[in-house]
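1. Here's my sequence, what's the structure:
(one chain, ligands or ions: 2)
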Amino acid sequence: MALDPLDLFDIRSQLTEEEQMVQDAVGRMVDEKVLPGIGRDFEEHRFPREIVPELAELGLLGVYLQGYGCAGMNAISYGLICQELERGDSGIRSFVSVQTSLCMYPIYAFGSEEQKQKYLPGMAKGETIGCFGLTEPHGGSDPANMKTHAKRRGSDWVINGAKMWITNGSIADIAIVWAMTDEGIRGFIVEKDMKGFSAPEIERKFSLRASVTSSLFFDNVVVPAANMLPGVTGLKGPLTCLTQARYGISWGVIGAAQACLGQLIDYTKSRVLFGRPLAANQAIQIRLADHARRITTAQLLALQLGRLKEAGKITPQHVSLAKWNNCRMALDVARDCRDMLGGAGISAEYVPVRHMLNLESVITYEGTETIHQLSIGRELTGVSAF
Ligand code: TGC
Ligand code: FAD
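-> Ligands and ions are numbered 1, 2, ... in the order given. Purely as a prediction, here's the structure:
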């Protein structure tokens, strides 16, 4: 029996029936609702907001949280969902990552019961959209150097400062905002209509064009005490959320690489040069084989990462290694697939250039490649080089 070129080591056979059903359902939705229009959305710099009810209907928002209208699925299912969504476009996976792991998760993990009741059910239904404000204009890799601050005024907090490169910012109903206080970094739920808060979109991006990216500005924004997340103080609050989201990215980017390789296998078989199909050249086969090898190793890494997560044994270093390896893999595969298409590789008719441009963001956000390399270096040596 021929092997599946996009699943050479039969990862599918390692999945439970339920996980396979989740993957199939999301895959169908991506085929039917995302792929037909995503090229145009990317060209028009437009997030396809009409997809949000579809995502909610399938239970993909807050998918691994228990209760509050969330589906309570396992870690492998969350990974497969990210993979299928990113096979469509990194912008769609980004939306789900931010809503689920960067907004719903902190409310779930660090919020009061009132906050959970108030926000999570509407977020699971896609009626309330969230964004996550950690990065600041002066340098995102070092969030400990945070200038946005919140000061107590009576029972309220007053926030001043700015955040930059914030996914979903301009379409969000609430922002999870991390600000320096006299007690250290704390998280706040800022609602879009609060006076002094604004979220202009960042225009003219060459990457993640089917996703909204914004700045956030806080000019004496008064936030009631009830909107402060009581369950965490310090940088470990936002970094714990990032560990959840980076986990999903480690799976997601595999989908982008699969989309590129799948298209290239077909293309090289039908493109005839020098009297034979492009695929009949050793140099082309070696490149395709190398991409299949890289995708396979990324799949095995993601699967074991998922198993560690389900066993409660996952560490931030595991996630750093997987995010680094799999983003690098996907970006290299997408760039080389673009090259094998020749001039057609720059055309919107083919997916690699869109994935390649998106992956330039994905390898940068949620910790750049260098940051993850330095995290592993610190783990190996016990010496911090940050
Ligand atoms: P460091 O001293 O290492 O740690 C401070 C405290 O945090 C704890 N910690 C973690 N906890 C959970 N998960 C992690 N990954 C953690 N890493 C560290 C740590 O134990 C410590 O706790 P405690 O109790 O001792 O205080 O902090 P550092 O200042 O040396 O920084 C470490 C470094 C550089 C790795 C960290 O700052 C970092 O990860 N920088 C990168 C920032 C980043 O990733 N930003 C992402 C912004 S959000 C985003 O990009 C969303 S894109 C969404 C999309 O569209 O999909
Ligand atoms: P910098 O931190 O200025 O880094 C610049 C360069 O220096 C990088 O190459 C970096 O690797 C390198 N570098 C940094 N430190 C070292 C060192 N010690 N040694 C050697 N090299 C180093 N943030 C959010 O908070 N929420 C979001 O929703 C969000 N969404 C995003 C969406 C998009 C499309 C993009 C592009 C970014 C988003 N970000 C978001 C921000 C993202 O997390 C940051 O861009 C990222 O963390 C890097 O920060 P920076 O851009 O300030 O780069």
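2. Let me see the domain layout of this protein.
-> 11-124, 130-227, 236-381 (automatic domain parsing).
3. Now do the end-to-end distance for the second one.
-> Think domain 130-227. From its first residue to its last, domain 130-227 covers 14 Å (Cα to Cα, to the nearest Å).
4. Show me how far it is from its chain's centre.
-> 19 Å (Cα atoms, centre = their mean, to the nearest Å).
5. How about the residues of the stretch 51-200 of the chain by ligand 2?
-> Val98, Phe132, Gly133, Leu134, Thr135, Gly139, Gly140, Ser141, Trp165, Ile166, Thr167 (Cβ under 6 Å from any ligand atom). The C-beta positions use only the backbone N, C-alpha and C, and glycine is treated the same way.
6. For the first one, which non-adjacent residue is spatially closest?
-> For Val98, ignoring the flanking residues on the chain, the nearest one in space by Cβ to Cβ, 6 or more residues apart in numbering is Thr167 at 4.8 Å.
7. what's the answer for the third one, then?
-> Leaving aside its sequence neighbours, Gly133 sits nearest to Lys163 (Cβ to Cβ, 6+ apart; 3.8 Å).
8. Go ahead and confirm the one you found touches Thr135.
-> Yes. Counting by Cβ atoms under 8 Å, Lys163 touches Thr135, with 6.1 Å between them.
9. So for the two, which residue has more residues nearby?
-> Taking neighbours as other Cβ atoms under 10 Å, Lys163 and Thr135 compare with Lys163 leading, 26 against 18.
10. I'd like the mean pLDDT over the helix or strand harbouring that one, please.
-> Under the criterion of DSSP states H and E, Lys163 resides in strand 156-167. Across strand 156-167, pLDDT averages out at 98.
11. start the count at 328, not 1, going forward
-> Will do, 328 is the new start, and the previous item becomes strand 483-494.
12. what's the following helix or strand after that strand?
-> strand 501-508.
13. Now look at that following strand and say if it contacts ligand 1.
-> No. If you take Cβ under 6 Å from any ligand atom as the test, strand 501-508 misses ligand 1, and the best it gets is 9.4 Å.
14. What is that strand packed up against?
-> If you count contacts as 3 or more Cβ pairs under 8 Å, 6 or more residues apart in numbering; DSSP states H and E, strand 501-508 packs onto strand 457-460, strand 476-480, strand 483-494, strand 511-518, strand 540-551, helix 563-597.
15. just the angle between it and strand 483-494, please?
-> With axes from the mean of the first three to the mean of the last three Cα atoms, to 10 degrees as the basis, strand 501-508 and strand 483-494 are set at 120 degrees to each other.
16. Next one: the closest residue to ligand 2 within the chain relative to Trp492, how far apart?
-> Using Cβ to the nearest ligand atom, Gly467 is the residue of the chain that sits closest to ligand 2, at 2.5 Å. Using Cβ to Cβ, to the nearest Å, Gly467 is found at 7 Å from Trp492.
17. What of Pro470?
-> Look at Pro470 and Trp492: by Cβ to Cβ, they are 12 Å apart.
18. Check Leu362 too.
-> Distance from Leu362 to Trp492, counting by Cβ to Cβ: 27 Å.
19. neighbour count winner among those two?
-> Taking neighbours as other Cβ under 10 Å, Leu362 and Trp492 compare with Trp492 leading, 20 against 14.
20. Quick check: chain neighbours aside, which residue is closest to that one?
-> Distance criterion Cβ to Cβ, 6+ apart; nearest residue to Trp492, sequence neighbours excluded, is Thr462 at 5.2 Å.
21. my read: the residue of the chain closest to ligand 2 touches Gly460, true?
-> No. With contacts counted by Cβ under 8 Å, Gly467 stays clear of Gly460, the gap being 11.0 Å.
22. show me where the protein has helices.
-> Remark: helices assigned in the chain by DSSP state H are 344-356, 362-370, 379-384, 402-415, 417-424, 432-437, 440-451, 563-597, 609-637, 643-667, 679-689, 696-708.
23. out of those, which comes closest to Val550?
-> Nearest to Val550 among the helices of the chain is helix 440-451; the distance by Cβ to Cβ comes to 12.4 Å.
24. Which other helices and strands does the closest one contact?
-> Packed next to helix 440-451, using 3+ Cβ pairs under 8 Å, 6+ apart, are helix 432-437.
25. quick revisit: so which of the residues of the stretch 378-527 of the chain next to ligand 2 reach ligand 1?
-> Near ligand 1, judged by Cβ under 6 Å from any ligand atom, the entries from those are Val425, Phe459, Leu461, Thr462, Gly467, Ser468, Thr494.
26. got a winner among those for most neighbours?
-> Within those, Phe459 tops the neighbour count with 29 neighbours, counted by other Cβ under 10 Å.
27. Get me the contact residues on the protein for ligand 1.
-> 421, 424-425, 459, 461-462, 467-468, 470-471, 494, 561-563, 566-567, 569-570, 572, 643, 692-694, 698, 702, 713.
28. Just the buried residues of those residues.
-> 421, 424-425, 459, 461-462, 467, 470, 494, 566-567, 569-570, 572, 643, 692-694, 698, 702 (16 or more other Cβ atoms under 10 Å).
29. Work out which residue lies at the spatial centre of this structure.
-> Residue closest to the mean C-alpha point of the chain, counted by Cα atoms, centre = their mean, is Ser421 at 3.9 Å.
30. can you tell me how far that one sits from Val580?
-> Distance, Ser421 to Val580, by Cβ to Cβ: 11 Å.
31. cool, Gly523 as well?
-> 37 Å.
32. ok, those two, which is more surrounded?
-> Using other Cβ under 10 Å, the more surrounded residue of Gly523 and Val580 is Val580, with 34 against 15.
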